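J.: Predicted model follows, preceded by the sequence.
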Amino acid sequence: MAGGTSGEARAVHEGILRRQSARESSARTYARALPIVPVRARGLTIEGADGRRYLDCLSGAGTLALGHNHPVVLEAIRRVLDSGAPLSVLDLATPVKDAFVTELFRTLPPGLADRARVQFCGPAGTDAVEAALKLVRTATGRTGILAFTGAYHGMTAGALAASGGAPDVQVARLPYPQDYRCPFGIGGPHGAELAARWTESLLDDPRSGVPLPAGMILEPVQGEGGVIPAPDAWLRRMRRLTADRSIPLIADEVQTGVGRTGAFWAVDHSGVTPDVMVLSKAIGGSLPLAVIVYRDDLDVWQPGAHAGTFRGNQLAMAAGTATLAYVRENALAERAAALGSRMLNQLAELTRAFPCVGDVRGRGLMIGVELVNPDADHTASRPAPLAGAVGAVGAVGDAGGVPDVGDSGMGGISGTAARPEPTRTPRPAAPELAAAVQRECLQRGLIVELGGRHASVVRLLPPLTISDEQATAVLDRLTDAVAAAARHHPSRRPHQQRKPCPAQGAG
């Protein structure tokens, strides 16, 4: 009897997947790598139509701050449904919306909440990005946009143009600092300093080919770009150089917001107050909602300048209010910081145990594990350090009038003359191996996402409500999956541990 029931469940599972493959667009993504059919979910756990259970570290691409079907979210939705309130009201004022805006403003960075305006957009983050770009262009009268390599801001035309995978160059692209694959071959504070100097030079050189832009858009942690946290000092530097030149700074907090990185908003780590914040995903408590929040002096739009039919989604606002309040009242951001730090420390052991693990990085409960080819020539994947880079970095501190290390935390800013070294030697990305790790994870009941420039970074985005025991289970399954994939990967080396590089610094 049990066998028959199991067989029937499997048949239902396979039939749904077969019909999806036959009827849905070729543009579908997650469904290709994760052939599951979710039917029930609670917290971190998903149950499929075939009866299998999974630990979900995808969380709706970061949408589920409280996990699946959290009681406070369900209760908030039920209250609206049972009240008889309208479910969609365009941009009319409602008690539900008023409560959401009040709670949202309570969480905003200092300096913004007391002079903020909010614009409700279409239901997706990409529409909020479009609104932000339109806003700064309208407010400044300028058209150009500064964006960063590796960025991801959405799939609509304007958002895609500012993303790292843009097919056409429509914005000025700037280097985003990172340690493992530093574009200058240096990494650390020195690499971040060179990235900042490049940006300043581009803006101040009258022959750079980049006129004064309408705005700069950045992610405090690049998610799809490979889970790359921006150095706090570099972010403060971007804030100062944009403010000095009257360039609005747009912080894309679609994936990093609502406690994900260990602060309520990722810009809080650096103390930066942007001019515009783009918010979506977790702010809707699992339902579609997207807004931009911006300084009141930028509010020069005419009525109807930006709209969206579903910007009055009352269920999403109620769920969002409950989520924002729960994260704030239960200090889940602080919890994410502590647990994320422990998880990163444990995952760092993978870089010593498996030569195919090139880097482990992240912030809070936004974690990435980069898979590499351990047998490939590492010199092919790393730019040579720039000749004279150290002297250039030192000159900035001596003559540039910039803050010292105590203010910025970027070693190069202080004029340090010691020769910078890469924090570690990068090897070529291994997207096939990363895909193998994802498959091995799924076999072990763990759902993870892939990202990064070459889809070689295994990403963990667990809900902020994940328990210590569940975190241990996630790490155990991921470690087993890496070990299994490494065993079967053709380029693996025999059981051999990586020897620390003498110049290796903190990742």
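T.: Noted; the coordinates are in hand. Numbers count the residues shown, from 1 in each chain.

J.: Show me the residue at the heart of the protein, geometrically.
T.: Relative to the mean C-alpha position of the chain, the nearest C-alpha, by CA atoms, centre = their mean, is the one of G223, at 2.9 Å.

J.: How about the contacts made by that one?
T.: Each residue near G223 by CB atoms under 8 Å, 6 or more residues apart in numbering is listed here: 62, 152, 255-256, 366, 451, 459. Quick note: C-beta positions are derived from backbone N, CA and C, even for glycine.

J.: Over to D91?
T.: By CB under 8 Å, 6+ apart, the residues touching D91 are 120, 307, 311-312.

J.: Which among those count as buried?
T.: For the contacts of D91, burial is judged from neighbour counts taken by 16 or more other CB atoms under 10 Å, and it is met by 120, 311-312.

J.: my guess is G362 contacts V227, does it?
T.: Yes. With contact defined as CB atoms under 8 Å, G362 counts as touching V227 (5.0 Å).

J.: okay, and the common contacts of the two?
T.: With contacts defined as CB under 8 Å, 6+ apart, the residues adjacent to both G362 and V227 are 221, 368.

J.: Tell me the one of the buried ones among the contacts of D91 nearest R79?
T.: Of all the buried ones among the contacts of D91, the one sitting nearest R79 is G312; the distance, using CB to CB, is 17.2 Å.

J.: Now the closest one: closest residue in space that isn't a chain neighbour?
T.: V89 (3.9 Å; CB to CB, 6 or more residues apart in numbering).

J.: Look up how far A99 lies from that neighbour.
T.: Using CB to CB, to the nearest Å, V89 is found at 14 Å from A99.

J.: What is the neighbour count of R106?
T.: The local packing count at R106 equals 12, with neighbours defined by other CB atoms under 10 Å.

J.: quick revisit: okay, who's weakest in the contacts of D91 by pLDDT?
T.: Checking pLDDT across the contacts of D91, the minimum falls on A307 at 87.

J.: my read is that residue is in a helix, agree?
T.: No. With DSSP: H, G, I helix; E, B strand; the rest coil as the criterion, A307 is assigned coil and is not in a helix.

J.: Quick check: phi and psi at it.
T.: Its backbone dihedrals place A307 at phi -150, psi -180, with angles given as degrees, to the nearest 10.

J.: do the one 3 residues further on as well
T.: Dihedral pair for F310: phi -100, psi 20, per degrees, to the nearest 10.

J.: For stretch 18-32, give the mean pLDDT please.
T.: Over the span of stretch 18-32, the pLDDT mean works out to 91.

J.: Return the set of buried residues in that stretch.
T.: Here stretch 18-32 shows no buried residue, counting by 16+ other CB under 10 Å.

J.: Residues in contact with it: which ones?
T.: 58, 449.

J.: How far does that stretch stretch from one end to the other?
T.: Criterion CA to CA, to the nearest Å; first-to-last residue distance in stretch 18-32 is 12 Å.

J.: Output stretch 133-147 as CSV, restricted to C-alpha atoms.
T.: Listed next in CSV are the C-alpha coordinates belonging to stretch 133-147 (Å, rounded to 0.1, in the frame of the first residue of the first chain):
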residue,chain,number,x,y,z
LEU,A,133,16.7,55.7,-12.7
LYS,A,134,13.8,57.8,-14.0
LEU,A,135,13.7,59.7,-10.8
VAL,A,136,17.3,60.8,-10.7
ARG,A,137,17.3,61.7,-14.4
THR,A,138,14.2,63.8,-13.9
ALA,A,139,15.6,65.5,-10.7
THR,A,140,19.1,66.2,-12.2
GLY,A,141,18.2,66.9,-15.8
ARG,A,142,21.1,64.6,-16.8
THR,A,143,20.9,61.2,-18.4
GLY,A,144,24.0,59.2,-17.8
ILE,A,145,24.2,56.5,-15.1
LEU,A,146,27.2,55.0,-13.3
ALA,A,147,27.0,51.3,-12.6
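
J.: From the chain's centre, how far out is that stretch? Work that out for me.
T.: With CA atoms, centre = their mean, to the nearest Å as the basis, the distance from the averaged C-alpha position of stretch 133-147 to the chain average is 23 Å.

J.: next one: stretch 6-18
T.: Per CA atoms, centre = their mean, the displacement of stretch 6-18 from the mean C-alpha position of its chain is 34 Å.

J.: so F105 sits in a strand?
T.: No. Secondary structure of F105 (three-state DSSP): helix, not part of a strand.

J.: Quick check on the residue nearest to it when sequence neighbours are not counted: phi, psi?
T.: Excluding its sequence neighbours, the residue lying closest to F105 (CB to CB, 6+ apart) is A113, at 4.8 Å. Recorded main-chain torsions at A113 are phi -60, psi -40, according to degrees, to the nearest 10.

J.: so A113 sits right up against E103, yeah?
T.: No. With contact defined as CB under 8 Å, A113 and E103 do not form a contacting pair (11.3 Å).

J.: which of those two has more neighbours?
T.: E103 (18 against 14).

J.: Residue ranges in the stretch 351-500 of the chain under the pLDDT threshold?
T.: Within the stretch 351-500 of the chain, the stretches falling below the threshold (pLDDT under 70) are 377-424, 490-500.

J.: residue boundaries of the helices in it?
T.: Taking DSSP state H, counting those that start in this stretch as the criterion, the stretch 351-500 of the chain carries its helices at 389-399, 405-408, 431-443, 468-488.

J.: So for the longest one, what gets flagged as buried?
T.: Put plainly, it is helix 468-488. Judged by neighbour count using 16+ other CB under 10 Å, the buried positions of helix 468-488 are 470-471, 473-475, 477-479, 481-482, 484-486.

J.: can you tell me how far A486 sits from V357?
T.: Computed as CB to CB, the A486 to V357 distance reads 8 Å.

J.: measure A429 to L371 for me?
T.: 7 Å.

J.: Can you check which residues contact both of these two?
T.: Counting by CB under 8 Å, 6+ apart, the common neighbours of A429 and L371 are 358, 456.

J.: Please consider this matter closed, and thank you.
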